[in-house]
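1. from the sequence below, what's the structure:
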Amino acid sequence: MVYQVLAVIPEYSAESTEDVFALGNQHIPGVSVVGVLRHNHPEDYAAAANYIIENVNVVSIQHEFGLFSGEAEALLPCLLQLINKPVVTTFHTVTEVLGSVPESVLVQIHRLGTATIALSHIGELIMSNVYNVGNLDKLNFIPHGAESYKTIDNTKTKSQYGWDNKFVILSLGIHHRAKGFHVMISAMPAILKRVPNAIFVIAGQAGQSCGEGCDDYAKLLKDRIKSLHVEDHVVFVDRYLSDSEIYSIMHACDVYASLLTSDIVSSSGTVSRAIAAGRAVIATPFLYAKEVLSHGRGILVPFDNAEATAAAVIRLGTDSDVRVLMQRNAFEYSQKTMMWPSVVDRHITLFREFGQNGELP
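-> Here you go, the predicted structure:
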């Protein structure tokens, strides 16, 4: 019997060649899309249920607030009630603030599913202690996966981008105020006084559903760059980046900056990638950063604080011993906990444990 795992995923994070039901887009490079779950279209969820009943052994749901939004947030538990299949759900974000509809739906999904995965220890604790989800035997911690890098040295990678002899600070993601890009831009004049070869690279573009908010933020960034006269030290890579491009550009930086404006983020793929690449990481004290950047693996700075951010960059840009030690600490930690082969093995173990017939082909 063929053992098939169906993934329910957002269109822009599809990295598997398994069959998927995608959110919003029928065409995802390298992925066999067997159906689309459109927001507020109950018929799509009924079609997914029929497909699952006929073809699938295990369902893997990748859940993120905002992806299953509006009516779709309530439709997902309805889908689970229609099928009689093992469901393994990965919650990419959990928050300590309860009382809203999405959080109550999260509890429903956990209770209706077969197993739940938290991508951080703090996420696991929040689900057990704050959400009081019950059925703790279902709850599993599997760390956020990351690609393996062979070396910390990035001299050759920098040359590919024309960044020789530059001190490269990188941030990745959509152009949204929640990313905190404006804080690093505000810090650049102070940074350049001590690290005159520094450049700040913002890689990514506005999300498809971001709308005017992202457009307004992009204008704010460009106006601030001009007013601070740092045009020659801020670089936009303003396009969607493939996984291979993210892998490469992450290795090319000296410092990765994750200056999120919210403290509730319980997992971060970009911070995981930065650690795996052996980059020095500067982050605001959101939940995931506090967990993985402890023990000398990164520097935490207060939210929306350009002065502290500048001081952290200057420290890393002027003291190579501190920077290299931090890079090594991060790299060694990632090798022990985050590499995709071990993360995948742990997922497969769950699928085998809960799947119908318990075997993979």
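
2. so who does residue 93 touch?
-> By CB atoms under 8 Å, 6 or more residues apart in numbering, the residues touching residue 93 are 64, 65, 123, 264, 265, 266, 267. C-betas here are computed from N, CA, C, even on glycine.

3. and of those residues, the nearest to residue 198?
-> The nearest member of the contacts of residue 93 to residue 198, counting by CB to CB, is residue 265 at 25.9 Å.

4. in which helix or strand would I find that closest one?
-> Counting by DSSP states H and E, there is no helix or strand that carries residue 265.

5. that older thread, using CSV, lay out the contacts of residue 93 together with distance to residue 255, pLDDT and neighbour count.
-> Shown next, in CSV, are the contacts of residue 93 (distance: CB to CB, whole Å; pLDDT from 0 to 100; neighbours: other CB atoms under 10 Å):
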residue, distance to residue 255, pLDDT, neighbour count
64, 27, 76, 16
65, 29, 68, 18
123, 26, 86, 26
264, 24, 83, 15
265, 19, 86, 23
266, 23, 87, 24
267, 21, 89, 24
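
6. now tabulate these in TSV and tack on distance to residue 243.
-> Shown next, in TSV, are these (distance: CB to CB, whole Å):
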residue	distance to residue 243
64	18
65	23
123	23
264	26
265	21
266	22
267	17
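
7. and which of those residues is nearest residue 47?
-> Using CB to CB, the contacts of residue 93 come closest to residue 47 at residue 64, 21.9 Å.

8. wait, that closest one sits on residue 92?
-> Yes - counting by CB atoms under 8 Å, residue 64 touches residue 92, with 4.5 Å between them.

9. ok, of the contacts of residue 93, which one's closest to residue 148?
-> Set against residue 148, the nearest of the contacts of residue 93 by CB to CB is residue 267 (19.2 Å).

10. so what's residue 317 up against?
-> Counting by CB under 8 Å, 6+ apart, residue 317 touches 167, 191, 194, 195, 198, 254, 255, 323.

11. how far away is it from residue 332?
-> According to CB to CB, to the nearest Å, residue 317 stands 23 Å off from residue 332.

12. give me the neighbour count for the nearest residue to residue 340 once chain neighbours are set aside.
-> Distance criterion CB to CB, 6 or more residues apart in numbering; nearest residue to residue 340, sequence neighbours excluded, is residue 145 at 4.5 Å. By the criterion of other CB atoms under 10 Å, residue 145 has 21 neighbours.

13. need the contact list for residue 145.
-> 272, 338, 339, 340, 343, 344.

14. list the buried residues of the longest helix along the chain.
-> Looking across the chain with DSSP state H, the single longest helix is helix 320-337. Of the residues in helix 320-337, 323, 326, 327, 329, 330, 331, 333, 334, 335, 337 count as buried by neighbour count, 16 or more other CB atoms under 10 Å.

15. what packs against that helix?
-> helix 269-276, strand 280-283, helix 306-318 (3 or more CB pairs under 8 Å, 6 or more residues apart in numbering; DSSP states H and E).

16. relative to helix 306-318, how tilted is that helix?
-> Counting by axes from the mean of the first three to the mean of the last three CA atoms, to 10 degrees, helix 320-337 lies at 90 degrees to helix 306-318.

17. which one of the helices and strands packed on helix 320-337 is the most hemmed in?
-> By mean neighbour count, with neighbours taken as mean count of other CB atoms under 10 Å, strand 280-283 ranks first of the helices and strands packed on helix 320-337 at a mean of 27.

18. which strands or helices does that strand pack on?
-> Applying 3+ CB pairs under 8 Å, 6+ apart, one finds that strand 280-283 contacts strand 255-258, helix 269-276, strand 299-300, helix 306-318, helix 320-337.

19. starting at the chain centroid, how far to the helix or strand just after that strand?
-> Using DSSP H and E, the helix or strand that follows strand 280-283 in sequence is helix 287-292. From the chain centre to the centre of helix 287-292 is a distance of 13 Å (CA atoms, centre = their mean, to the nearest Å).
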